[in-house]
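Chemist: no FASTA, just this:
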């Protein structure tokens, strides 16, 4: 792998290493996401095709004010004259070289009465003579804002390989455990329920009850609800700190330690230094308990984004960074204690690892990178303690 610039953070570097086999000229193409489409759509409707290509008839309305029998015109879903039926899409384009004509990238032609689920955004139309115009719920466009239904299975456009196109095939991956339409239908309702629950929670006047409920939503498996709840907790003030700490103890997936520390500091307000110090003291206890039990292979766990060691290591590093930015002198003893412990454990620290600290060079390995940042934690502690001593 070749990285042309140093990474901003150790976590960012690990992610870059994880995708390092992707050529630099490759591009991530848009893929259907049932969660994102359900959350972002103003209207979600089960429809059936008509004799007029690009025009469908509503069968059921799951979100928004469309009613059964309403016609919806979506020109982007009009199939080309050489379009083929779903049964012709045997495998996604990019798996082999058989799709010479790019059929897998085209809208399929379905028999009249075939069903789809559309995830739409109402862009124009106010009932006063202005025609309705529908846009896609996904930023990737209309092709990735639709589920096609055939034989009880869900089909969609996804990028299966990078490099490669966004190709039409059975919908796989994500929260749905199979390609069965029933699985996707259940997931859509789960996302909509989470969205309604978040809206109701944000409208509560009782700040304690609101914070408690936001804490539960922050652990949701619906990422969009999780993200908005976490942001709201940060703005809630100190009343939300117990819930934020619970989220930090059992972080949601996907994990973003920088966001959690940000909302923790934001909620703590003027006491952010004191609260960050208290949390770091707990982290020191964790490392003193867990550190001696780790073998040399612990770094294999550290490189797994979201693993317990990854989460705790990133949290510890970010807390020291925050305390350093605030120049919170009372934390110097705790930071020094962590540093002394860290360098006393050969499995956590080796002076030779410093050779790779602070830079990412051509052909650097994942192990070299983790070594560099494990070494860097001790340096980070040293820098903080020296700064505090100079000031005092």
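Modeler: Good, I have the coordinates. Here the structure is a predicted model, which is why all the values come from computation and not from measurement.

Chemist: Which stretches in the protein count as helices?
Modeler: Taking DSSP state H as the criterion, the chain carries its helices at 10-18, 34-40, 181-202, 207-217, 223-235, 241-249, 257-268, 272-290, 298-302, 308-326, 332-344, 366-391.

Chemist: what distance separates the fourth one from the middle of the whole chain?
Modeler: For helix 207-217, the separation from the chain centroid amounts to 22 Å (computed by CA atoms, centre = their mean, to the nearest Å).

Chemist: What residues of that helix count as buried?
Modeler: By 16 or more other CB atoms under 10 Å, the buried positions in helix 207-217 come out as 210, 211, 212, 213, 214, 215, 217. C-beta coordinates here come from the backbone N, C-alpha and C atoms, glycine included.

Chemist: Need those residues in JSON lines (columns: distance to residue 81).
Modeler: Output for these, formatted as JSON lines (distance: CB to CB, whole Å):
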{"residue": "210", "distance to residue 81": "55"}
{"residue": "211", "distance to residue 81": "57"}
{"residue": "212", "distance to residue 81": "58"}
{"residue": "213", "distance to residue 81": "53"}
{"residue": "214", "distance to residue 81": "52"}
{"residue": "215", "distance to residue 81": "55"}
{"residue": "217", "distance to residue 81": "48"}
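
Chemist: from those residues, which is closest to residue 121?
Modeler: Of all those, residue 121 sits closest to residue 217, with 23.7 Å by CB to CB.

Chemist: do you know how far the closest one is from residue 47?
Modeler: Per CB to CB, to the nearest Å, residue 217 is found 31 Å from residue 47.

Chemist: swap in residue 245?
Modeler: Using CB to CB, residue 245 is found at 46 Å from residue 47.

Chemist: who has more neighbours, these two?
Modeler: Neighbour totals were compared for residue 245 and residue 47, and residue 47 leads with 27 against 17 (other CB atoms under 10 Å).

Chemist: give the contact list for that one.
Modeler: Shown in contact with residue 47 (CB atoms under 8 Å, 6 or more residues apart in numbering): 56, 57, 58, 59, 72, 115, 116, 117, 118.

Chemist: Next step: these restricted to strands.
Modeler: Counting by DSSP state E, these place 56, 57, 58, 59, 72, 115, 116, 117, 118 in strands.

Chemist: Count the neighbours of the spatially closest residue to the third one that is not a sequence neighbour for me.
Modeler: Read it as residue 58. Excluding its sequence neighbours, the residue lying closest to residue 58 (CB to CB, 6 or more residues apart in numbering) is residue 70, at 4.5 Å. The burial count assigned to residue 70 is 14, neighbours taken as other CB under 10 Å.

Chemist: same thing with residue 118?
Modeler: Neighbour count of residue 118, defined by other CB under 10 Å: 24.

Chemist: same thing with residue 254?
Modeler: Here the count is done by other CB under 10 Å, and residue 254 has 10 residues near it.

Chemist: Next: the one 4 residues further on.
Modeler: By the measure other CB under 10 Å, the count of residues near residue 258 is 13.

Chemist: what number of residues lie near the closest residue to it other than its chain neighbours?
Modeler: Nearest residue to residue 258 in three dimensions, chain neighbours excluded: residue 318, at 6.4 Å (CB to CB, 6+ apart). The tally of other residues near residue 318 (other CB under 10 Å) stands at 21.

Chemist: In contact with residue 318, which residues are there?
Modeler: If you count contacts by CB under 8 Å, 6+ apart, residue 318 has them with 257, 258, 261.

Chemist: again with residue 36
Modeler: Counted by CB under 8 Å, 6+ apart, residue 36 has contacts 137, 138, 224.

Chemist: most surrounded residue in these?
Modeler: Sorting the contacts of residue 36 by how many neighbours each has (other CB under 10 Å) puts residue 137 first, at 25 neighbours.

Chemist: Show the contacting residues for that residue.
Modeler: Applying CB under 8 Å, 6+ apart to residue 137 gives the contacts 36, 37, 38, 40, 41, 42, 44, 119, 120, 121, 145.

Chemist: now, among the residues you listed, which is nearest to residue 306?
Modeler: residue 36 (19.9 Å).

Chemist: on that earlier part again, what subset of the ones in strands among the contacts of residue 47 is buried?
Modeler: Using 16+ other CB under 10 Å, the buried members of the ones in strands among the contacts of residue 47 are 56, 57, 58, 72, 115, 116, 117, 118.

Chemist: pLDDT at residue 82, what is it?
Modeler: With respect to pLDDT, residue 82 has a value of 81.

Chemist: can you check residue 353 too?
Modeler: Per-residue pLDDT puts residue 353 at 79.

Chemist: ok, the closest residue to residue 237 other than its chain neighbours - contacts?
Modeler: Nearest residue to residue 237 in three dimensions, chain neighbours excluded: residue 267, at 5.9 Å (CB to CB, 6+ apart). Contacts for residue 267 (CB under 8 Å, 6+ apart) come out as 233, 234, 235, 236, 237, 238, 240, 241, 244.

Chemist: Residue 81 versus residue 267, what's the distance?
Modeler: On the measure of CB to CB, residue 267 and residue 81 end up 58 Å apart.
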